[in-house]
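Chemist: Sequence plus the predicted model coming up.
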Amino acid sequence: MHYTLLQFIILLSAAFLLIMLAQKVKISYPIFLVIAGLGISYIPGIPPMSIDPEVIFLIFLPPLLYEAAWYTSWNDFWRWRRPISLLAFGLVIITSVAVAFLTSSMIPGFTLAMGFLLGGIVSPPDAIAATSVLKNIKVPKRITTILEGESLVNDASSLIVLRFALAAVITGQFSLSNAAGDFFLSTVMGIVIGLAVAHVLYLIHRFLPTTPSIDAAITLISPYFMYLAAEQFHFSGVMAVVSGGLFLSYRSHEIFVDGQSRLQAINVWATLTMILNALVFILIGLELPIIMAGLEGYSIWEAFSYGLIISALVIVLRIAWIYPVAFIPRWLSARVRRSEAHPGWKGPLIIGWAGMRGVVSLAAALSLPITTAAHINFPHRNLIIFITFVVILVTLVFQGLTLPYIIKAIDIYEIDPLVPDEQQEASIKQRLLKVSLNRLRENYAQEIEGIGLVNGLKNELENSLNHTSRRLESMECEAIENAEMEVYNHILKDIYHIQRQELHKIRKEKQFSDDVIRKQEMQIDLSDTKIPHVSIKSNG
């Protein structure tokens, strides 16, 4: 036990150092961690490290999906639902079919069911890899929205394909009509269960006397409740986490009415996701030599050539699929032509090239059972896992390293008519000031006349000054009585509460960027944390 803990601490420390080094050399850290893990595994004396697939699915996958759903803009997701759905469902199915027929004809003894199994494993791109590559590169908002939205849903569709293909390999029976019905049922019921659990968690957050630490703790266990509840009934745990995360994110203004709760939860999740991502990507590299040693009946070059061919297939398929997805709806629908700017050829190229595979493919491959229902060795298990590793390495390293250069070479620019962030911030700030002043004048007219601090707050709002600095300066005045300060603090809390409600109305109007709205929300939270805690949950 002590040795295992020491291994974990050393591995985590190495991952953190590698992330810092990746930032120094300006390489996306998932790419850097995979390469470094592969290099570390060949150092003499390094003990072999194997990943338990159940650990990845149960411990790693739910929080990573939940965090991605939490920061996904529902308005943007819904706006680009057509290309997201065609990529997340259509491309996953097309890729699975193509891989199935190619491998069944290319690899001796590889059945069509095994091909579908491998296709379901390698079909979903990894969101973390793509967003980390694009993090410091300016790309159109439409591209990042589609990539993030696709990654939320394609994991579910690929794992459902994997489930049915696995059942066909193990039992030797497969019905296309039954599989299609089960696919639909698993997806829909996963969403239903996720939303049901999310509503219960929302009520706990909203109406029970929580603290910032309890709020943060509840958010940590939320994805596990959603995932396990859906999987218990054999429905899609991934869709449960995604749908529940989107719902709670949309109601976050009611869950975190206190700025300290929101900031604490954000900090906790930022640390947790960094740890999980660092561990998974470095373990991908560390695991490869173990899989290579397990290849039986295939030479390394033979297995590697299969992996390269399938990697080329999934890359070409994605690029070939993305252009019809971008252009055919415009040819068929006048409404689409009116409502959406022409995508051009540059945006689809970037989306097509950003199909790096990662965590989900790794976990899915390693989750294959050792034996079948007849208690014989699972056919081609090590080959399937090795091919998956090759696809992850090729797409992650080759596409990930070349993507920034492609973006710079084609000189892409924003194609949708977006209002500049600075203008959005000014407009939102203007509305927040107006609603705050209205609240003061309508509800606290008597206090404005009788308490200097409140009158000072009104003047600060009117002049768009830094009200927090002014309040801190006024606290130095010994003439301020404690009772007046308590009233003042309560009014400030109420002002921040009404500002958050107005931000929620602004978000529903879909006129402003969610990133800008979150920035304003963060400013309110930071100001809120500088004053003593005053509960306003009962104010509605």
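Modeler: Everything's here; your move.
Chemist: From here on, just use CA atoms for contacts and neighbour counts.
Modeler: Will do.
Chemist: how about Ile160, what does it touch?
Modeler: By C-alpha atoms under 8 Å, 6 or more residues apart in numbering, the contact set of Ile160 is Gly120, Phe183, Ser186, Ser236.
Chemist: Swap in 6 Å and give it another go.
Modeler: Ile160 makes no contacts at all, as judged by C-alpha atoms under 6 Å, 6 or more residues apart in numbering.
Chemist: go on, Leu195?
Modeler: Gly244 are the contacts of Leu195 under C-alpha under 6 Å, 6+ apart.
Chemist: Flag every buried residue along the host helix or strand of it.
Modeler: Remark: Leu195 resides in helix 176-207, with elements defined by DSSP states H and E. The neighbour-count check on helix 176-207 (16 or more other C-alpha atoms under 10 Å) flags 179, 183, 186-198, 201-202, 205-206 as buried.
Chemist: Repeat that for stretch 325-332.
Modeler: Here stretch 325-332 shows Val325, Ala326, Phe327, Arg330 as buried, counting by 16+ other C-alpha under 10 Å.
Chemist: got the residues you listed as a markdown table, with distance to Phe164 and pLDDT columns?
Modeler: Shown next, in a markdown table, are the buried residues of stretch 325-332 (distance: C-alpha to C-alpha, whole Å; pLDDT from 0 to 100):
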| residue | distance to Phe164 | pLDDT |
| --- | --- | --- |
| Val325 | 27 | 88 |
| Ala326 | 30 | 87 |
| Phe327 | 32 | 88 |
| Arg330 | 34 | 85 |
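Chemist: what about Pro212, neighbour count?
Modeler: Pro212 has 17 neighbouring residues, counting by other C-alpha atoms under 10 Å.
Chemist: which residue packs closest to it, ignoring adjacent ones?
Modeler: Nearest residue to Pro212, sequence neighbours excluded (C-alpha to C-alpha, 6 or more residues apart in numbering): Ser261, at 4.0 Å.
Chemist: The host helix or strand of the one you found - what's its average pLDDT?
Modeler: Using DSSP H and E, Ser261 falls within helix 259-293. Across helix 259-293, pLDDT averages out at 81.
Chemist: Please renumber the chain so that the first residue is 44 from this point on.
Modeler: Sounds good: first residue 44 from here, last item helix 302-336.
Chemist: Summarise which helices and strands that helix is packed against.
Modeler: Judged by 3 or more C-alpha pairs under 6 Å, 6 or more residues apart in numbering; DSSP states H and E, helix 302-336 is in contact with helix 72-84.
Chemist: Now with 7 Å, please.
Modeler: Under the contact criterion of 3 or more C-alpha pairs under 7 Å, 6 or more residues apart in numbering; DSSP states H and E, helix 302-336 touches helix 45-68, helix 72-84, helix 255-275, helix 424-436, helix 557-571.
Chemist: so where's the stretch 344-493 of the chain shaky on pLDDT?
Modeler: Low-confidence segments of the stretch 344-493 of the chain, defined by pLDDT under 70: 414-418, 459-467, 469-470, 473.
Chemist: What segments of it are helices?
Modeler: Applying DSSP state H, counting those that start in this stretch to the stretch 344-493 of the chain gives helices spanning 377-382, 389-396, 402-409, 424-436, 443-453, 464-486, 488-493.
Chemist: Against Asp198, how distant is Ser166?
Modeler: Distance, Ser166 to Asp198, by C-alpha to C-alpha, to the nearest Å: 9 Å.
Chemist: Between those two, which has more neighbouring residues?
Modeler: Using other C-alpha under 10 Å, the more surrounded residue of Ser166 and Asp198 is Ser166, with 30 against 27.
Chemist: residue contacts, the more buried one?
Modeler: Ser166 is in contact with Val135, Thr138, Ser139, Ser201, counting by C-alpha atoms under 7 Å, 6 or more residues apart in numbering.
Chemist: Let's see that with 6 Å instead.
Modeler: By C-alpha under 6 Å, 6+ apart, the contact set of Ser166 is Val135, Thr138.
Chemist: Which residue comes closest to the residue nearest the centre of the chain once chain neighbours are left out?
Modeler: For the chain, the residue nearest the mean C-alpha position is Ala111 (1.8 Å; C-alpha atoms, centre = their mean). Among residues not flanking Ala111 along the chain, Leu195 sits closest, at 7.3 Å (C-alpha to C-alpha, 6+ apart).
Chemist: List the buried residues of the one helix or strand the one you found maps to.
Modeler: Taking DSSP H and E as the definition, Leu195 sits inside helix 184-214. Residues 185-213 are the ones in helix 184-214 that count as buried (16+ other C-alpha under 10 Å).
Chemist: Now do Gly287, the pLDDT please.
Modeler: 92.
Chemist: doesn't Gly237 make contact with it?
Modeler: Yes: assessed by C-alpha atoms under 6 Å, Gly287 is found in contact with Gly237 at 4.6 Å.
Chemist: just the helices and strands packed on helix 302-336: most buried one?
Modeler: Comparing the helices and strands packed on helix 302-336 by mean neighbour count (mean count of other C-alpha atoms under 10 Å), helix 424-436 ranks first with a mean of 25.
Chemist: hmm, who's touching that one?
Modeler: Helix 424-436 is contacted from outside by Leu338, Gly350, Ser354, Arg400, Gly401, Ala408, using C-alpha under 6 Å, 6+ apart.
Chemist: Looking at the buried residues of stretch 368-375, spot the one nearest Gln563.
Modeler: Using C-alpha to C-alpha, Ala369 is the member of these that sits closest to Gln563, with 33.3 Å.
Chemist: Residues contacting the helix or strand containing the residue nearest to the centre of the chain, please?
Modeler: According to DSSP H and E, Ala111 maps onto helix 104-113. Under the criterion C-alpha under 6 Å, 6+ apart, residues Pro266, Val284, Val285, Gly288, Leu289, Ser292 lie in contact with helix 104-113.
Chemist: and of the contacts of helix 424-436, the nearest to Gln489?
Modeler: Distance to Gln489 across those (C-alpha to C-alpha) is lowest for Gly401, with 60.8 Å.
Chemist: For the closest one, what are phi and psi?
Modeler: Per-residue torsions, Gly401: phi -160, psi -120 (degrees, to the nearest 10).
Chemist: residue contacts, it?
Modeler: With C-alpha under 6 Å, 6+ apart, Gly401 has these contacts: Asp169, Ile435.
Chemist: burial measure for the nearest residue to Lys553 once chain neighbours are set aside, as a count.
Modeler: The spatially closest residue to Lys553, leaving aside those adjacent along the chain, is Asn118, at 6.5 Å (C-alpha to C-alpha, 6+ apart). By other C-alpha under 10 Å, 17 other residues sit near Asn118.
Chemist: Doesn't Asn118 lie inside a helix?
Modeler: Yes: Asn118 sits within a helix when classified using DSSP: H, G, I helix; E, B strand; the rest coil.
Chemist: Let me know the angle separating the helix holding Ala111 from helix 302-336.
Modeler: 130 degrees (axes from the mean of the first three to the mean of the last three C-alpha atoms, to 10 degrees).
Chemist: got the CA coordinates for helix 104-113 in PDB?
Modeler: Output of helix 104-113 as PDB, limited to C-alpha atoms (Å, rounded to 0.1, in the frame of the first residue of the first chain):
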ATOM      1  CA  LEU A 104     -14.600   9.900 -16.900                       C
ATOM      2  CA  PRO A 105     -17.600  11.300 -15.000                       C
ATOM      3  CA  PRO A 106     -15.800  14.400 -13.500                       C
ATOM      4  CA  LEU A 107     -14.100  15.200 -16.800                       C
ATOM      5  CA  LEU A 108     -17.400  15.100 -18.700                       C
ATOM      6  CA  TYR A 109     -19.200  17.000 -16.000                       C
ATOM      7  CA  GLU A 110     -16.600  19.800 -16.000                       C
ATOM      8  CA  ALA A 111     -16.700  20.000 -19.700                       C
ATOM      9  CA  ALA A 112     -20.600  20.200 -19.600                       C
ATOM     10  CA  TRP A 113     -20.400  22.800 -16.900                       C
END
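Chemist: Quick check: mean pLDDT of it?
Modeler: On average, the pLDDT along helix 104-113 is 84.
Chemist: Report the distance from the helix holding Leu195 to the chain centre.
Modeler: Distance of helix 184-214 from the chain centroid (C-alpha atoms, centre = their mean, to the nearest Å) equals 14 Å.
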